[in-house]
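Undergrad: quick one, structure for this:
(2 chains)
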2 protein chains.
Amino acid sequence: MAVEELFRHIESKRERYLGFLKRLVEQPSVSATGEGIEECASQVAELLEEVGIRADIYRDHGGNPVVFGEIQAEAHATLMFYNHYDVQPPEPLDKWLSPPFTLAARNGKLYGRGAADNKGNIAARIAAVDSLLDTLGETPVNVKFLIEGEEEIGSPTLEKFCELHSDLLFADGCVWEYGYRNRAERPVIYLGVKGILYVELEAHGAATDLHSSWGCVVENPAWRLVKLLNTIRGDDGTILIDGFYDDVEKPGEELLSLLDDIDPAEVDVKELFGAEITVGGKRGKDALRALLLEPAVNICGIIAGYTGAGSKTVLPSRASTKLDFRLVPRQEPLDIFRKLENHIKKHGFTDISLNMVQGYPAARTAPDSPFVAAVAETARVAYGVEPVLYPSGAGSGPMYVITERLGIPCVSTGVGYPGSLAHAPNENIREQDFIAGIKHMALLMIRLHQYLH
Amino acid sequence: MAVEELFRHIESKRERYLGFLKRLVEQPSVSATGEGIEECASQVAELLEEVGIRADIYRDHGGNPVVFGEIQAEAHATLMFYNHYDVQPPEPLDKWLSPPFTLAARNGKLYGRGAADNKGNIAARIAAVDSLLDTLGETPVNVKFLIEGEEEIGSPTLEKFCELHSDLLFADGCVWEYGYRNRAERPVIYLGVKGILYVELEAHGAATDLHSSWGCVVENPAWRLVKLLNTIRGDDGTILIDGFYDDVEKPGEELLSLLDDIDPAEVDVKELFGAEITVGGKRGKDALRALLLEPAVNICGIIAGYTGAGSKTVLPSRASTKLDFRLVPRQEPLDIFRKLENHIKKHGFTDISLNMVQGYPAARTAPDSPFVAAVAETARVAYGVEPVLYPSGAGSGPMYVITERLGIPCVSTGVGYPGSLAHAPNENIREQDFIAGIKHMALLMIRLHQYLH
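TA: The predicted structure is shown next:
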């Protein structure tokens, strides 16, 4: 079948595929509260089955249901899709121009919670399979859908699921959940994500808050926390924990050269966010390199004492902070946690307790992987422009389960655009990107075997 | 009149004087909310007039009413009392064993908001005057009552009042609002208070909160604030601002020797508050010296980003903190503010804004002042034990208006005890201390002229 014929077919089914999206968006599925999770898992399984993809719902991993869909096409190549059916809470509701759990079309855009993250991608991928079954009567590859329901709360049981069902999960390549077209309309393909270690630190002082005149004598836990934090990070953003960089894999030329193809405006944080100060003064390609390839530590939150209006003279009894460490390939969260523990001990801050909230390692697929070529070259055809390869996303996600635990090449691409407002009110995708995303995934399924064998 | 006769008279009027206290406590007067302020000012003026003290209510300073009471006895000596009729909010209400605005007697103690801070002292001082008018038909000194209504909110207009009415305010000595008997039952006499400079610092980052993956590039205002705070204070509590100590008056031997008479258990913060770490490792007399004679800087509050349960990966757009500097004699709050401003500039933190919330200097009366001897020696007689002289209180108060602006010697003593719970639920005084406090002030009025001339 000619590519043009497939693409025309997909366009002719536009209403059907928008219907897939509508069904998914209109079923709330907020993992933070549990709202609609069970119903949405069933909804996803039903949709898969309707299209002709055998679907099972798994619960034995102990978390929200995982929907696993499969077409055993007896083909030589197997493609897996990783997605999540859960969404962020819709709040603040008053900022939405149309109800968050109604799919609303305005000016070529499709609004609703999950439209971009991640139901638009689920719908596009199911639609891609549907288009192939419609036109070819089969998929040219074996297809697997791994669709979890806890991504927005940190995927706490995904690794467990993959351990229990590793037999199901063989594939030659995996397309990860998200992606977008950049400001030049080029589709972005991520070759990995960063890892994360999220910790809480709490400094303990007197048994109760005291009048602040005692601050001459009783050490203030807020000062202790400030002192400890100051030992963790240098002014230029360098992390000062012994051994923190020991396992960091220095990015090779092949990875670094990818940065040359990325629009520096993507990290023009003054233009994007009005940010006056950059970490270590980095701008342009240095900033891109830091954003995509280097670890960092961030204060997500800090609190102690009186924080209301006006003055209150208080010596707080507790001070606490939340930090995230963004990790790069080969750094292991537990190892970094131990090193932080040692750092705290070494600097004499035993009055400060440390608690690990979550952690997982980074993931990366080599730029010369045949799977990367397959995804990139089919993107070029489907979108009609050159894709741009990012050596990694700036954010984190449990992609390591695919790349490190299962050993499957994995890249991320999807139907978003710079205005998609994922996690925010008025989340949306453009209809044209949704259709292009369907074409891309359908073409990938047709051509994948050419790259692998 | 023999002292014993006066004291017996005071004891015989116990019910009358408890009635003064009851009237004052049962009139709420919360300056933080304004509740009952006007009514309480009138109540205080009425009580003064009833006893025979001419009273006026002043409003021309623009704050809560000041009640000024006076007896022109045509005596050679003039004694002033500084007090405040406003109280702290009574919350949390559910922690009170009896209603906060009802005077409740239990086990020799008198419970109610303001019993210790500061209505017990107002009542005792009015009662002292009453006892003299009753027994002598006059007071042996001219008497002035300066009773303001904004002490619990930082006395913002007291200096203005004193400027406008300096002609009213001449005195040979002033007894400040508060005091207590220590654990050995010795009445404490403070020769001063510390000053204060209270500031807010706010660090500014991107225009909005960002996903924390941007922390590799966009500087985090919480890190900036941590870095700045770290430059302000050394590990041992030393303040690292250029010139901060320039005007600090090194305490002389006479002041330092007062520390030898103070029970070290008063600063045993491990015993008192379960505090494991002291500033600079100071304990015992070193801790006492720091608490009473040295400046300090304290983090009253700090906040940035997400501080709820669990994890949220956010790069906050703002971070702020509230600091108080406790000042000692000769340090001027405005001068310290300018030095802090220069410090911020010098260290390159121009992205951090600085705002002064309040400030006033310290106050101190020399230990060899005849007025100190008068208060101390009459205390010995009235309480029957040796008083203990503190070179300063650890806290701050606008006593400088008396000592620095009006040039009047001023010490603080009063009817509290270590369990008085000022500012807390179940605030109380002991009836015996209330009576002893009346005796002390009556005797002071009788004997003051012996010390001054």
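
Undergrad: distance check, A:Y180 against chain B.
TA: Using CB to the nearest CB, to the nearest Å, we find A:Y180 at a distance of 14 Å from chain B. No exception for glycine: its C-beta is placed from N, CA and C like everyone else's.

Undergrad: separation between the residue of the stretch 101-250 of chain A found nearest chain B and B:A394?
TA: Closest residue of the stretch 101-250 of chain A to chain B, CB to the nearest CB: A:G215 (3.3 Å). As judged by CB to CB, to the nearest Å, A:G215 and B:A394 stand 9 Å apart.

Undergrad: find the nearest non-adjacent residue to the residue of the stretch 101-250 of chain A closest to chain B, please.
TA: Nearest residue to A:G215 in three dimensions, chain neighbours excluded: B:N298, at 3.3 Å (CB to CB, 6 or more residues apart in numbering or on different chains).

Undergrad: thinking again about what came up before, okay, the residue of the stretch 101-250 of chain A closest to chain B: pLDDT?
TA: A:G215 carries a pLDDT value of 96.

Undergrad: quick one, what contacts it?
TA: By CB atoms under 8 Å, 6 or more residues apart in numbering or on different chains, the residues touching A:G215 are A:L315, B:V279, B:A296, B:V297, B:N298, B:D324, B:R326.

Undergrad: filter those down to the buried ones.
TA: A:L315, B:V279, B:A296, B:V297, B:N298, B:D324, B:R326 (16 or more other CB atoms under 10 Å in any protein chain shown).

Undergrad: biggest separation within those residues, which pair?
TA: Longest distance between any two of the buried ones among the contacts of A:G215 is 14.3 Å, between B:V279 and B:D324; criterion CB to CB.

Undergrad: reformat the buried ones among the contacts of A:G215 as JSON lines; add distance to A:L228 and pLDDT.
TA: Listed next are the buried ones among the contacts of A:G215 as JSON lines, based on distance: CB to CB, whole Å; pLDDT from 0 to 100:
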{"residue": "A:L315", "distance to A:L228": "18", "pLDDT": "95"}
{"residue": "B:V279", "distance to A:L228": "16", "pLDDT": "96"}
{"residue": "B:A296", "distance to A:L228": "20", "pLDDT": "98"}
{"residue": "B:V297", "distance to A:L228": "18", "pLDDT": "98"}
{"residue": "B:N298", "distance to A:L228": "18", "pLDDT": "97"}
{"residue": "B:D324", "distance to A:L228": "22", "pLDDT": "96"}
{"residue": "B:R326", "distance to A:L228": "24", "pLDDT": "97"}
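
Undergrad: which one among those residues gets closest to A:L256?
TA: Using CB to CB, B:V297 comes nearest to A:L256 of the buried ones among the contacts of A:G215, at 45.9 Å.

Undergrad: tell me which helix or strand that closest one sits in.
TA: strand B:296-305 (DSSP states H and E).

Undergrad: in this structure the residue nearest to A:G215 contacts B:R326, no?
TA: Yes - with contacts counted by CB atoms under 8 Å, B:N298 reaches B:R326, the gap being 7.3 Å.

Undergrad: intersection of neighbour lists for those two?
TA: Both B:N298 and B:R326 are contacted by A:S212, A:G215, under the criterion CB under 8 Å, 6+ apart.

Undergrad: give the contact list for the residue nearest the centre of chain A.
TA: The centroid of chain A falls nearest to A:G397 when counting by CA atoms, centre = their mean (4.4 Å). If a contact means CB under 8 Å, 6+ apart, then A:G397 has A:E151, A:S155, A:W176, A:E177, A:V193, A:A363 as its contacts.

Undergrad: for the fifth one, helix, strand, or coil?
TA: Using DSSP: H, G, I helix; E, B strand; the rest coil as the criterion, the local structure at A:V193 reads strand.

Undergrad: quickly list what it is bridged to.
TA: A:V193 forms beta bridges with A:A363, as assigned by DSSP bridges.

Undergrad: for A:L315, phi and psi?
TA: With angles defined as degrees, to the nearest 10, A:L315 sits at phi -110, psi 100.
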